[in-house]
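Asks: requesting a structural model of the entry that follows:
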Amino acid sequence: MSQHVFKRAGFLAATIGVAGLLGTGVASAHVTANVYGPQPTKGGYAAIVFRVPSEEKDPVTTTKVAVDFKADYGIGSVRTKPVPGWTAEVTKSKLPTPITKDNGTQITEAVTAVTWTAQPGSELKAVNYQEFEVSFGPLPTNVDQVEFPAHQTYSDGKVVDWNQPTPAGGEEPEHPAPAVKLAAKAAEGDEHAGMSADTASTTGEHTQAAAATSDNTARWLGGAGLLVGAVGLGVGAGATIRARKATAKPGGNS
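Replies: The predicted structure is shown next:
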């Protein structure tokens with residue numbers, strides 16, 4: 001009886017450990033736009049982080065990342081947070097027709113792209129990721145979310161486009177475009193209604209620590225799953241050995 005109990009316990013613990021190992025590998029493997037702070041509101045400013053993984057195998061690396069800003073969003077201002085080893089370039093384009101914002105400001109030239117390029121020795125290696133933070137605005141008021149088609153260039157010349165829209169409530173496409181949902185326009189007098197680009201950028205910096213803590217927690221849980229699995233395998237192996245010894249002895253039935 002005890003023999004079967006130990007075997008089942010070992011198998012269960014080993015299964016938990018394997019599940020923990022598999023869980024650590026289940027992660028988003030495409031370029032994403034993440035909000036670290038208050039949800040951006042229509043007509044306001046946003047602070048978001050583009051997380052870029054490098055999916056190719058060694059020695060291929062990511063050398064450049066470009067993110068498109070749709071001209072009809074009328075984004076007049078973008079600020080980038082410095083990333084060691086990478087240079088950032090903001091591209092603006094003249095609009096065929098000026099866009100008038102809610103405050104009466106006319107946008108005749110809008111941001112249409114931000115491109116990050118790695119300096120020699122700072123390329124993004126396989127299985128690693130990098131984060132690129134931007135603050136920008138004013139946001140459009142006539143859409144519920146903003147999309148940012150991204151283009152990832154590798155050292156072997158390959159370019160991967162992350163530009164497919166995700167249908168509402170539908171299955172995610174193979175190469176989804178990074179997107180951020182917008183909250184309803186802030187009411188007059190709301191504490192976030194007049195958030196400037198500087199405030200948005202500062203908010204993003206203060207909240208990245210929370211995101212890093214979340215990542216560390218996920219890694220710890222994955223490690224704990226591996227540890228439990230190892231213990232379970234040890235227990236199961238020990239039970240099997242004891243059972244064999246007991247069977248080998250005369251009258252060793254338990």
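Asks: contacting residues around Thr87?
Replies: Counting by Cβ atoms under 8 Å, 6 or more residues apart in numbering, Thr87 makes contact with 116-117, 119. Any C-beta I mention is one placed from the backbone N, CA and C, and that applies to glycine too.
Asks: report how many residues lie close to Lys181.
Replies: 11 (other Cβ atoms under 10 Å).
Asks: what does the helix or strand encompassing Thr117 contact?
Replies: Thr117 belongs to strand 106-118 when assigned by DSSP states H and E. Residues from elsewhere that reach strand 106-118, judged by Cβ under 8 Å, 6+ apart: 61-71, 73-78, 80, 83, 85-95, 98-101, 124, 132, 134, 136.
Asks: one more time with 6 Å, if that's ok
Replies: If you take Cβ atoms under 6 Å, 6 or more residues apart in numbering as the criterion, strand 106-118 is touched by 63-69, 71, 74-76, 78, 86-95, 98-100, 132.
Asks: parallel or antiparallel, which strands does it pair with?
Replies: strand 62-68 (antiparallel), strand 86-100 (antiparallel) (DSSP bridges).
Asks: would you mark the buried spots in the last one?
Replies: Think strand 86-100. 86, 88, 90, 92, 95, 99 (16 or more other Cβ atoms under 10 Å).
Asks: model confidence at the fifth one, what's the number?
Replies: For Leu95, the pLDDT comes out at 94.
Asks: which among the contacts of Thr87 end up buried?
Replies: 116-117.
Asks: any idea which of the contacts of Thr87 is closest to Thr166?
Replies: Lowest distance from Thr166 to the contacts of Thr87 (Cβ to Cβ) belongs to Trp116, with 23.5 Å.
Asks: now do the helices in the stretch 1-150 of the chain.
Replies: With DSSP state H, counting those that start in this stretch as the criterion, the stretch 1-150 of the chain has helices at 2-25.
Asks: for it, give me the ranges with low pLDDT.
Replies: 1-28 (pLDDT under 70).
Asks: can we see that at 80?
Replies: Residue ranges of the stretch 1-150 of the chain with pLDDT under 80: 1-29, 102-104.
Asks: circling back to that earlier point, for the buried residues of strand 86-100, give me JSON lines that also has distance to Ala183.
Replies: Listed next are the buried residues of strand 86-100 as JSON lines, based on distance: Cβ to Cβ, whole Å:
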{"residue": "Trp86", "distance to Ala183": "30"}
{"residue": "Ala88", "distance to Ala183": "27"}
{"residue": "Val90", "distance to Ala183": "25"}
{"residue": "Lys92", "distance to Ala183": "27"}
{"residue": "Leu95", "distance to Ala183": "26"}
{"residue": "Ile99", "distance to Ala183": "21"}
